[in-house]
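> Sequence plus the predicted model coming up.
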Amino acid sequence: MFLSQFSYSQEGIAVYSDYLTDNYYLIHPSMAGAANCGKVRLTTRAQWFGQDDAPALSTLSFNSSVGERSGLGAILFSDKNGYHSQKGMKLTYAHHIMFSRNELDLNQLSFGISGALIQSQLDETDFLNNQPFDPNIGGITQKDSYFNLDIGASYNYLEFYAHFTVKNVMNNFRRELYSEFESDNIRKYLLSAGYVFGDADRLQWEPSVLFQMVEATKEKSFDLNLKVYKNLDFGKLWGGLSYRRSLDGAEFLTGGNRGDQKLQYITPILGLNYDRYMFAYTYSYLAGNVKFDNAGFHQITLGINLFCKREKFECNCPAIN
């Protein structure tokens, strides 16, 4: 129940903390080509070390500007969770409108759309081993593919930014691969904003917030984030802390008493930018009394910036510069 809002009806790429590695394109299509360089990002997330068939997610993304006001992007991903898995790709087009008087002042409104082709899979080949015959189990690997769209808008003004995205816009009638009650509405709304304070020669502070809501179930959650940047001779060192909390509680029984618990993640982040390269490590800890395992979720992100076509904007805006 606690993980349902992040993998509801096989929504595609779940919204984890990847975006905090300055990879907002992964969740907001309007950020494709918004930066002054093309970005390649590889992220691997592993959960519950030591548990068989534990969830694992990998994404490979690239986005870059094309011409003066356009951006293109692509995402490949693989998400495995026990006998369930999904893989797919997204292709993105974004258009950017610059309101600045020159190319170095950042005042940009962006719109983006992503088309996603996703294949869901259920491996039943081991279900009948040493078990009696069950007519509801085919003993095969079931597959189902579907297409969907993400749309969004972003506004970047100097150190301020805001994003709004609707994921899985289309209602899809899909074969009932996982459950006869699977919804054809997996639409999700994302709203995020942040601001960078401080001097580039000293510490820079970036508080931000992300709100998300699943339309069909009305599940809601928010992230409160704080990142700190320090410029060094060889690059930039940065770190941060993210707190995610669900606004919907789940009831449980313990010792004959009924309790209530809301999903809570605490996520520290550490990153390094060296020349065109970046590295980030993220650890997510699930807080609360009811959880599957005491171990956390480990995530590593590697990146490289390519095709830098212009000077950096005159602002403290890490996701853009």
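Structure received. Numbers count the residues shown, from 1 in each chain.
> any idea which helix or strand carries the residue nearest to Phe147 when sequence neighbours are not counted?
Of all residues beyond its chain neighbours, the one nearest Phe147 is Leu117 (5.5 Å), with distances taken as C-beta to C-beta, 6 or more residues apart in numbering. Yep, even glycine has a C-beta here, placed from its N, CA and C like the rest. When elements are assigned from DSSP states H and E, Leu117 belongs to strand 107-123.
> And Gly240, by the same measure?
Residue-wise, Gly240 maps onto strand 235-254 under DSSP H and E.
> strand partners of the helix or strand just after that strand, parallel vs antiparallel please.
Note on strand 235-254: by DSSP H and E, the next helix or strand toward the C-terminus is strand 257-274. Within its sheet, strand 257-274 is paired with strand 235-254 (antiparallel), strand 277-287 (antiparallel), according to DSSP bridges.
> Let's have these in CSV, adding mean pLDDT.
Supplementary listing: the strands paired with strand 257-274 in CSV, determined by pLDDT from 0 to 100:
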stretch, mean pLDDT
strand 235-254, 87
strand 277-287, 92
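> Packed most tightly, which of those strands would that be?
Highest mean neighbour count of the strands paired with strand 257-274: strand 277-287, a mean of 18 (counted as mean count of other C-beta atoms under 10 Å).
> Check the offset of that one from the chain's centre.
13 Å (C-alpha atoms, centre = their mean, to the nearest Å).
> With only the CA atoms kept, save the strand holding Gly240 in PDB.
What follows is strand 235-254, C-alpha atoms only, in PDB (Å, rounded to 0.1, in the frame of the first residue of the first chain):
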ATOM      1  CA  GLY A 235      34.500  21.900 -10.500                       C
ATOM      2  CA  LYS A 236      31.500  22.000  -8.100                       C
ATOM      3  CA  LEU A 237      30.700  19.900  -5.000                       C
ATOM      4  CA  TRP A 238      27.100  19.800  -3.900                       C
ATOM      5  CA  GLY A 239      24.800  17.900  -1.600                       C
ATOM      6  CA  GLY A 240      21.300  18.000  -0.200                       C
ATOM      7  CA  LEU A 241      18.500  16.500   1.700                       C
ATOM      8  CA  SER A 242      15.000  15.600   0.500                       C
ATOM      9  CA  TYR A 243      11.900  14.700   2.600                       C
ATOM     10  CA  ARG A 244       8.900  13.100   0.900                       C
ATOM     11  CA  ARG A 245       5.600  12.600   2.700                       C
ATOM     12  CA  SER A 246       2.300  11.200   1.500                       C
ATOM     13  CA  LEU A 247      -0.800  13.000   2.400                       C
ATOM     14  CA  ASP A 248      -2.700   9.700   2.500                       C
ATOM     15  CA  GLY A 249      -2.400   7.300   5.500                       C
ATOM     16  CA  ALA A 250      -2.600   3.600   5.700                       C
ATOM     17  CA  GLU A 251      -4.000   1.800   8.700                       C
ATOM     18  CA  PHE A 252      -2.400  -1.200  10.400                       C
ATOM     19  CA  LEU A 253      -2.800  -3.400  13.500                       C
ATOM     20  CA  THR A 254      -0.100  -3.900  16.100                       C
END
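> picking up where we left off before, quickly note the distance from the residue nearest to Phe147 to Ser145.
For Leu117, the distance to Ser145 equals 7 Å [C-beta to C-beta, to the nearest Å].
> wait, which of the strands paired with strand 257-274 is closest to Phe62?
Counting by C-beta to C-beta, Phe62 lies closest to strand 277-287 out of the strands paired with strand 257-274; the figure is 14.0 Å.
> List the contacts of the closest one.
2, 16-18, 20-22, 263-272, 292, 296-305 (C-beta atoms under 8 Å, 6 or more residues apart in numbering).
> Contacts for the helix or strand following that strand, please.
Using DSSP H and E, the helix or strand that follows strand 277-287 in sequence is strand 297-306. Residues lying outside strand 297-306 but in contact with it, judged by C-beta under 8 Å, 6+ apart, are 16-18, 21, 23, 37-49, 64, 271, 276-286.
> Who does Pro268 form a beta bridge with?
Beta-bridge pairing of Pro268 under DSSP bridges involves Leu241.
> residues near it, how many?
15 (other C-beta atoms under 10 Å).
> you'd agree it is up against Leu241?
Yes. Using C-beta atoms under 8 Å, Pro268 is in contact with Leu241, at 5.4 Å.
> what comes up buried for the helix or strand hosting Leu91?
Remark: Leu91 resides in strand 84-98, with elements defined by DSSP H and E. Neighbour-count burial for strand 84-98 flags His84, Ser85, Gln86, Gly88, Lys90, Thr92, Tyr93, Ala94, His96, Met98 (criterion: 16 or more other C-beta atoms under 10 Å).
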